[in-house]
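Colleague: No sequence on hand, only this structure:
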């Protein structure tokens, strides 16, 4: 089984596999999977039986040990742990990452552990919120957020603030904002993290319409100061993949975050705002918005030190 690079041009061909997919971890958004392409890693996949996508991530030679598969995404059914083992051996991968907690619970931990070593991925746990909570910020627990928003709106009257949908016509302005944001955050000093994310955001800008992503930007006095991009994840959940705002403008992030919930996810009950990547500051910020659930992620690695020891019982 050979997994080939996934490109934006593959989106329409593969979108049907994801229409009814049920995994709530953010990586199971096809558009997000495709845009995470850069010099370090490349999404890849193959279709089997016209009903299932086997997808994974290939890394360059310096990071080859990190290559992994995702759970198969199928329009027909879910695959058993024994079938996961078979796919891994056919494709030459030893590891699955981003395996949801519910998959292990459904098939039984003992059954999964008979084939794979199970490791938690706490840096990859996703934070999920009620869309209504983020869109309204009602109640005492959001009082500080509302105060910051009020300070922002007092300083920047409505005529100074413009909100637009991200389309191809505004991509140059968005890219200019991202460049300045990365200078502020020193993306160049984090080649495996922020630099890779920067490229993913640029890919999203370029292909936002083709990949059916949702995006808005905010301008102050005509200058882009915040961008947000999301996509549909499951029947009732959207994923906010990228949300960037200049740090030096007090209340901007809180104002824009509420705006994203209001305008990007009107048809969703829940919003997945992805993981904290093990960053304590980011974890604190995400928890301050009071998630309704935190979705656990697991890594499954084939048991044994080589392919010969990994067998189906």
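Modeller: Sure, I can see it. None of the values given here were measured: they were computed from a predicted structure.
Colleague: which residues touch the closest residue in space to residue 76 that isn't next to it in sequence?
Modeller: In this structure, residue 76 finds its nearest non-sequential neighbour in residue 51, 4.5 Å apart by Cβ to Cβ, 6 or more residues apart in numbering. Glycine gets a C-beta too; all of them are placed from N, C-alpha and C. Residue 51 makes contact with 17, 74, 75, 76 under the criterion Cβ atoms under 8 Å, 6 or more residues apart in numbering.
Colleague: switch to 10 Å and redo it
Modeller: 16, 17, 72, 73, 74, 75, 76, 77 (Cβ atoms under 10 Å, 6 or more residues apart in numbering).
Colleague: Low-confidence ranges, the protein, go.
Modeller: The model of the chain has pLDDT under 70 over residues 305-313.
Colleague: would you list every one of the helices in it?
Modeller: Taking DSSP state H to define them, one finds helices in the chain at 11-18, 30-35, 81-91, 101-107, 109-113, 131-136, 143-155, 171-185, 194-207, 252-264, 280-287.
Colleague: ok, residues contacting stretch 101-119?
Modeller: Here stretch 101-119 makes contact (Cβ under 10 Å, 6+ apart) with 22-25, 71, 78-82, 84-85, 88, 94-97, 99-100, 120, 125, 294-304, 310-313.
Colleague: Can you check the distance spanned by it, start to finish?
Modeller: Taking Cα to Cα, to the nearest Å, stretch 101-119 runs 11 Å from one end to the other.
Colleague: And for stretch 259-273?
Modeller: Distance across stretch 259-273, first residue to last, is 14 Å (Cα to Cα).
Colleague: From what I see, residue 125 and residue 294 are in contact.
Modeller: Yes. Between residue 125 and residue 294 there is a contact at 5.2 Å, judged by Cβ atoms under 10 Å.
Colleague: the more surrounded of those two?
Modeller: Using other Cβ atoms under 10 Å, the more surrounded residue of residue 125 and residue 294 is residue 125, with 21 against 15.
Colleague: now that one: how far from residue 272?
Modeller: Applying Cβ to Cβ, to the nearest Å, the value for residue 125 to residue 272 is 11 Å.
Colleague: between the two, what contacts are shared?
Modeller: Residues touching both residue 125 and residue 272 (Cβ under 10 Å, 6+ apart) are 25, 291, 295.
Colleague: of those residues, closest to residue 215?
Modeller: residue 25 (21.2 Å; Cβ to Cβ).
Colleague: Stretch 155-165: end-to-end distance?
Modeller: This stretch, stretch 155-165, spans 23 Å end to end (Cα to Cα).
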